[in-house]
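S.K.: need coordinates for the following:
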Amino acid sequence: MSLKNQWNISITMIILSWLSLPFYGWRQFKRFLPASMLIVVFEAINVKLVKNKKWWIFYNKPNSYFNNEFPFNIGPFIVSSLWGLKWSFGNLRKFLVINAAINIFFAFI
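M.R.: Down below sits the predicted model:
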């Protein structure tokens, strides 16, 4: 895939993800954004660790964080974290089920 196509897909993925947030509510956004940002920071650290161990391989170049994982982290990953935290607030079992479902979706679809 060319770099231009990759950037177009990344920008579209980010915009489509953030379009769901008007339905989220400003109060909940302010409430759950710090936790979602912490999740994204841990994911960025995870990306660095697994790339060093070569568990993830990206075959297209350039092989950088900002071209490959960063659009995913600031797009669908942070938005799904926000929604998951909102839906499962106060119920750990529900959080674990929702988080597992979101991770399965991202891993296999």
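S.K.: contact partners for residue 78?
M.R.: Counting by CB atoms under 8 Å, 6 or more residues apart in numbering, residue 78 touches 17, 36, 37, 39, 40. Just so you know, the C-beta spots here come from the backbone N, C-alpha and C atoms, and that holds for glycine as well.
S.K.: and the gap between it and residue 55?
M.R.: 22 Å (CB to CB, to the nearest Å).
S.K.: before we move on, the earlier item: between the contacts of residue 78, which is closest to residue 92?
M.R.: Using CB to CB, residue 39 comes nearest to residue 92 of the contacts of residue 78, at 15.5 Å.
S.K.: find the nearest non-adjacent residue to the closest one, please.
M.R.: residue 81 (4.7 Å; CB to CB, 6 or more residues apart in numbering).
S.K.: show me what contacts that neighbour?
M.R.: Residue 81 neighbours (CB under 8 Å, 6+ apart): 32, 35, 36, 39, 40.
S.K.: host element of it?
M.R.: Per DSSP states H and E: residue 81 is located in helix 78-87.
S.K.: buried ones in the helix or strand following that helix?
M.R.: Later in the chain than helix 78-87, the nearest helix or strand by DSSP H and E is helix 92-108. Across helix 92-108, burial judged by 16 or more other CB atoms under 10 Å covers 98, 99, 102.
S.K.: which residues does helix 92-108 contact?
M.R.: For helix 92-108, using CB under 8 Å, 6+ apart, the contacting residues are 76, 77, 80, 84, 85, 87, 88.
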